[in-house]
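# Below is the sequence, then the predicted model.
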Amino acid sequence: MPHFSIQVTEPVKVSDSLKSYIAYKVITQSDAVMFRESSMVVRRRYRDFDWLIQELVAKHPGVIVPAIPEKQSMGRFEDEFVEARRAGLESCLARISRHPVLWCDDVFRLFLEADDFASKARSVTEARVAAEINGTASSLSSAGSGLFGDGWGSSKYKEKDEWFSRRMQELDAIEEELRALLRALEYGQRQRQELSIAHGELGEAYLKMAGQELSKGLANGLTGMGSLQQKLKVLQSRQGVADFAAFQLTTDEYIRMIGSVRSAFSARARAHTAWQTSLSELLKKRRVLEGFVQHPGRATPERLTQLKGEIARAEIRTETSRNAFDDVSQLLKQEVMRFDVARVRDFQAAIEKYLTSLIETQEEIVVLWETYLASLRVSDTTNA
């Protein structure tokens, strides 16, 4: 696979005559031969990312397409939300670039390099929809009709494959655990923010006391303590950002990814429905033909010839739809196993990143306290 380096940076609020939105700069560097240049810079808004995901899901039934952060109406221009969305969008593009099937798709190339993106994207969607209507392209995806539903497929579809049934249950359990973890992480994030604020307020209080203290030695000690608390405020705030980057982003992303898995499972369910529908139509035509054979004279030779032709075409459709179901099933198994490997790898990396950051922060805190304690001892010696 080719090398990709994709950054989503510089979110900027753009206002037009209708409404405001955030536009992001997407910077791509790649040695893939499908691009005109090795370095590309474009501007994209959230709906452009959404278009990319919709089209990939539509073109690749059974593939687990990475998900982007959900839409949000309230607070969508606040700095914290914009940064979280930016990070999620960047991670999504990185996952697509590492996928063995998705990285070389034309819509991904179009998204990363096209200047007149809006018109070309519209043409791509119109062509896909027309092909689905005409029956010349697959319509197994859920694009355009609720991309990530809550279920694992059609309400009429009953899973008979033990492997898929077991994986559904396992993924439901994993999602529940991830949501519980995310709630705990968000609570810990709030606690760290409150701790950072408390350090800042305590530092201000020490500095105010130092300004009123007549004893020079005590005033110096209070000033040192106030300065220390201010530094602790910065460290705790920085650690909160590191916590988000390490754990919350990964956890939130995999909750969305399970939605992507559901979408892929739904494509398989639709493939099964298409197969069964074709089979039902074939069996119906065969029964009609059997009736004509058992009761000669009920149908003209022309009608019999016509019916046999319909049966032949129905047999081809049934075989094609059955093969499509088998192909989607096999692909989905590979995708789920790939998902499992990536999930373990990404959470192990998140744990390592979190622990490394936490240890570094704690070491800095220890140095600050030791330095302050040493300064107090020097002050005591001098005063003595």
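Ah, there it is. Just so we're clear, the structure is a prediction, and the values are computed from it rather than from any experiment.

# Find the residue ranges of the stretch 201-350 of the chain scoring beneath the pLDDT cut-off.
Nowhere does the stretch 201-350 of the chain drop to pLDDT under 70.

# try it again with 90
210-221, 238-249, 292-301 (pLDDT under 90).

# any chance you could map the helices in the stretch 151-300 of the chain?
When assigned using DSSP state H, counting those that start in this stretch, the helices of the stretch 151-300 of the chain occupy the ranges 162-212, 216-243, 249-294.

# closest one to Glu370 among those helices?
For Glu370, the closest of the helices of the stretch 151-300 of the chain is helix 216-243, at 10.9 Å, according to C-beta to C-beta. Glycine gets a C-beta too; all of them are placed from N, C-alpha and C.

# ok, back up a step: nearest to Gln29, out of the helices of the stretch 151-300 of the chain?
Among these, the nearest to Gln29 by C-beta to C-beta is helix 249-294 (22.3 Å).

# So what angle separates the directions of the closest one and helix 216-243?
Here helix 249-294 runs at an angle of 10 degrees relative to helix 216-243 (axes from the mean of the first three to the mean of the last three C-alpha atoms, to 10 degrees).

# the inter-axis angle of helix 249-294 versus helix 162-212?
160 degrees.

# Which secondary structure elements does the helix or strand following helix 249-294 sit against?
Using DSSP states H and E, the helix or strand that follows helix 249-294 towards the C-terminus is helix 301-383. Packing partners of helix 301-383 (3 or more C-beta pairs under 8 Å, 6 or more residues apart in numbering; DSSP states H and E): helix 162-212, helix 216-243, helix 249-294.

# Format the ones you listed as CSV; extra columns: mean neighbour count and distance to Tyr24.
Shown next, in CSV, are these (neighbours: other C-beta atoms under 10 Å; distance: least, C-beta to C-beta, whole Å):
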stretch, mean neighbour count, distance to Tyr24
helix 162-212, 14, 24
helix 216-243, 17, 19
helix 249-294, 19, 16
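
# would CSV of those with distance to Arg43 be doable?
Below are the helices and strands packed on helix 301-383 laid out as CSV (distance: least, C-beta to C-beta, whole Å):
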stretch, distance to Arg43
helix 162-212, 31
helix 216-243, 26
helix 249-294, 23
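
# Between the ones you listed, which one is closest to Pro2.
Nearest of the helices and strands packed on helix 301-383 to Pro2, taken as C-beta to C-beta: helix 249-294 at 23.2 Å.

# thinking again about what came up before, of all the helices and strands packed on helix 301-383, which lies closest to Val378?
Per C-beta to C-beta, nearest to Val378 of these: helix 216-243, 10.2 Å.

# That closest one: how far from the chain's middle?
Its chain's C-alpha centre and that of helix 216-243 lie 38 Å apart, by C-alpha atoms, centre = their mean, to the nearest Å.
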